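J.: Curious how this folds, go ahead:
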Amino acid sequence: QSSFRAMGDVLRNPHARLLLFAQFVQMLGSGVIGILSPYLVLYILERPELIGPLPAIFVVFSLASIPLWVRLSRRFGKRDAWAASLLGAALAFSGVFFVGEGDVTLIFVLLVFAGLSLGAGGVIGPSILADVIDADELESGERKEGAYSAAWGFAIKSSNALVILCTSLALQLSGFEPNVEQSDLTKRALRLLYAGMPLVMF
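T.: I've put the predicted structure just below:
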């Protein structure tokens, strides 16, 4: 009956707060990957023709892993399966710190493993959200899919906005200049951001 009361119910729900925080933190790690992938390919690998294919490899293996993660979540529980997937992705992306010019095979292997790991988040997170909505209905007698979906979307968008801000500031401070050979400091900053943010956040 009231949008404000519905959102208040979402924020008062301890399970919802924890889940939304987990999604926010995961998106901090995922967001930097999406933003910096072209920079990594252009200025670290120095293989501009791979700007499209490398992210595609990640997406293909991420989608292919979804049935596996669904099965694992049924056997070990959604939370534990999601946590395991994030740990695997953290390890995979941390390896990007060691990628240098022309290391196509290494980045390929890392992206395959990262894709296989992160396939869980796209299905398990929303599935847990549905469980939280059902639990809320049992307690309140009301369905609030709209309020919970809005909060979920806000967690994702606010996380992406923060990543864009922090990444832009970090690149500026490292002396990044577009379309030129980057300094060692800038290349190190790119590696640290691309490898370190997923490692810490996941």
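J.: mind listing what's buried in stretch 121-131?
T.: In terms of neighbour count (16 or more other C-beta atoms under 10 Å), stretch 121-131 has its buried residues at 121, 123-125, 128-129. (C-beta placed from N, C-alpha, C; glycine too.)
J.: Sort out which of these are in helices and list them.
T.: The subset of the buried residues of stretch 121-131 located in helices under the criterion DSSP state H comprises 121, 123-125, 128-129.
J.: how close does W69 get to K78?
T.: Separation of W69 from K78 (C-beta to C-beta, to the nearest Å) stands at 9 Å.
J.: Tally up the residues packed near the closest residue in space to A195 that isn't next to it in sequence, please.
T.: Counting by C-beta to C-beta, 6 or more residues apart in numbering, A195 lies nearest to F97, which is 3.9 Å off, once chain neighbours are set aside. Neighbour count of F97, defined by other C-beta atoms under 10 Å: 14.
J.: One more: the one 10 residues further on?
T.: One way to gauge burial is a neighbour count; for I107, by other C-beta under 10 Å, it gives 23.
J.: Tell me, how many residues neighbour G8?
T.: 12.
J.: next one: phi and psi at it?
T.: G8 adopts backbone torsions of phi -60, psi -40, taken as degrees, to the nearest 10.
J.: Which strands and helices lie in contact with the biggest helix by length in the chain?
T.: Looking only at the chain and at elements set by DSSP H, the helix with the highest residue count is helix 145-173. The contact analysis (3 or more C-beta pairs under 8 Å, 6 or more residues apart in numbering; DSSP states H and E) places helix 145-173 against helix 3-12, helix 14-39, helix 121-140, helix 184-191.
J.: So which elements touch the second one?
T.: Counting contacts by 3+ C-beta pairs under 8 Å, 6+ apart, helix 14-39 is packed against helix 53-64, helix 78-94, helix 121-140, helix 145-173, helix 197-201.
J.: can you list those in TSV and add mean pLDDT and distance to L28?
T.: As requested, the helices and strands packed on helix 14-39 are exported to TSV (pLDDT from 0 to 100; distance: least, C-beta to C-beta, whole Å):
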stretch	mean pLDDT	distance to L28
helix 53-64	92	18
helix 78-94	95	12
helix 121-140	91	13
helix 145-173	93	5
helix 197-201	94	5
